[in-house]
Each structure stands twice: as structure tokens, then as C-alpha cells.
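*Asks:* The sequence and its predicted three-dimensional model are supplied below.
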Amino acid sequence: MPKVTYTDHTGESRVVEGTTGDSVMETAVRNGVPGIVGECGGSLSCATCHVYVDEAQLDSLPEMDEMEDEMLYGTTEDRRDNSRLSCQIKLAEGTDLHVTTPATQT
């Protein structure tokens, strides 16, 4: 099973086992992970699931599409080079991810 390590802005981490094919956002919401709201349910229309992906893992993810890229300009905290919307990151078998949630998205 894939695992996601969610770290909040204070440095507190939580490791959650996910289901292959689910998004990082769905996994967080289902497991009560603070800092990922997912108001739109993953329809790519709210940016309340903004995360910072561990930079060493960015190349292992599919490239973001144009819509995700545009939505990242509407986040509550400044966009970084490793910013992604967690609703657009699907879990793959044998893949463990580490993401950090922004301070203003609690």
C-alpha cells in the first residue's frame, strides 16, 4: 500500500496508508489530516488542498496540467516551485510521498 507522510507547518508529521488510485487529498480528508480542506471535493476549483511536495519526489510525479497550474495562483499561501494541489496527485502502488501543508491552510 502507498503511504503519505503529511507534515504540518509546525513540523508535526502523520503517516497514513492510502489506496492506490486515490488522491493525496482524498486520503487526507478520509483520515482527518489537518491542513487539507478539499472544499471542492477534488474538482480542481478551490485550491484548499495546496501542499508542498518533498522536492526529491517532484520528478516522480506526473507534470501538472494547465488548470492546476492556474489554480495554484489562488492559494492562501505563496506558491513555491514544489507546490501542488493534492487532489491532482494520485497514489501509486509502491510509492511513498511526503507533503507539507501551508500554515495558513489549517
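*Replies:* Noted; the coordinates are in hand. Residues are numbered from 1 along each chain as shown.

*Asks:* So what's the residue count around residue 53?
*Replies:* 21 (other CB atoms under 10 Å). For every residue, glycine as well, the C-beta is placed using N, CA and C.

*Asks:* I'd say residue 104 and residue 78 touch.
*Replies:* No. Using CB atoms under 8 Å, residue 104 makes no contact with residue 78, being 9.5 Å away.

*Asks:* Helices of this protein, start to end?
*Replies:* If DSSP state H is used as the criterion, the helices of the chain fall at 24-30, 66-71.

*Asks:* most packed of those helices?
*Replies:* helix 24-30 (a mean of 22; mean count of other CB atoms under 10 Å).

*Asks:* residues touching the most centrally placed residue in the chain, list them.
*Replies:* The centroid of the chain falls nearest to residue 86 when counting by CA atoms, centre = their mean (2.7 Å). Going by CB atoms under 8 Å, 6 or more residues apart in numbering, residue 86 touches 23, 24, 25, 28, 36, 38, 49, 50, 51, 99.

*Asks:* what bits of the protein have low per-residue confidence?
*Replies:* 106 (pLDDT under 70).

*Asks:* show me where this structure has strands.
*Replies:* Under the criterion DSSP state E, the chain carries strands at the ranges 3-7, 13-17, 50-53, 83-85, 96-100.

*Asks:* and residue 74, which of those is closest to it?
*Replies:* strand 50-53 (9.1 Å; CB to CB).

*Asks:* ok, that closest one: who's next to it in the sheet?
*Replies:* strand 83-85 (antiparallel), strand 96-100 (antiparallel) (DSSP bridges).
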